[in-house]
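K.L.:
Following is a predicted model, sequence given first.
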Amino acid sequence: MLTWSCSRTLALAIAMMSLTVLLAACGSGTEDTGPTSTGATGGTTGGGSAPASQPLAGFQKVRPGGHTYTVDEVVLAGFKKSKEYDVAGLTGATAAIYGFYGADPYNRQEYEVRFYASHDDAVKLGVPMAEESVGPNAKLTEEEATWDDGLKERRECQGNIRGSHHVGLCLTAKHQDFAVLGNMVVLCQGRDVADSNKHCDDLFKILPQS
């Protein structure tokens, strides 16, 4: 009888130990929240904000030049003008156009070119207006924008938003950066700042520099 009692006690002890180990293993793990998606700039979209895009190495954002550009001159150089805007409200501007350029006609980029009376006007009056039209903090609604002509062309539509009834969200800036060349301020299309800088350079290469 003593042997049977000891065997039963030993079996019960082993069972209790097994249960303790199993509970400890289940309770020590962390909850799996699923994979974190990566944004276009290398950041994560699952919590933290993506790091800011860096400018193209060696890119010169403001280029004085010795030339006063006109709309006709830019078009003759190879820029395809699609629209000419009303510049009322675009402080100091003498003209503004929207259009396309690309050495490869099947891979053209979109630009907005704003003209001023002088290089000084382009810097002092044009740069602040351009800054609110590019990048992740661009003012792209009529309520926010200082100058709202051309807003449609400055916006880019994202894809369908999961869980939303909207087909897409058209409040992303098409132009991620801009540059000044002579009396012009040019908004350049791009996936990020460096891409926009490259496209600004591409357009400037076909224009006279002096």
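P.N.:
All right, it came through fine.

K.L.:
Please count neighbours and contacts with C-alpha atoms only from this point.
P.N.:
OK.

K.L.:
For this protein, which segments count as strands?
P.N.:
With DSSP state E applied, the chain shows strands at 62-63, 80-84, 93-101, 109-116, 155-156, 172-173, 175-181, 184-189, listed in chain order.

K.L.:
check contacts around the residue nearest to R108 when sequence neighbours are not counted.
P.N.:
Spatial nearest neighbour of R108, excluding adjacent residues (C-alpha to C-alpha, 6 or more residues apart in numbering): G102 at 4.1 Å. Counting by C-alpha atoms under 8 Å, 6 or more residues apart in numbering, G102 makes contact with 108-109, 202-203.

K.L.:
Among those, which lie within helices?
P.N.:
Members of the contacts of G102 lying in helices (criterion: DSSP state H): 202-203.

K.L.:
Tell me which helix or strand in the protein has the weakest average pLDDT.
P.N.:
None of the helices or strands of the chain scores lower by mean pLDDT, DSSP states H and E than helix 2-28, at a mean of 48.

K.L.:
which of the contacts of G102 lies closest to Y69?
P.N.:
Checking those against Y69 by C-alpha to C-alpha gives L203 as the nearest, at 13.3 Å.

K.L.:
just to revisit the earlier point, which of the strands of the chain sits most buried?
P.N.:
Most buried of those by mean neighbour count (mean count of other C-alpha atoms under 10 Å) is strand 184-189; its value is a mean of 28.

K.L.:
what about N107, how many neighbours?
P.N.:
9 (other C-alpha atoms under 10 Å).
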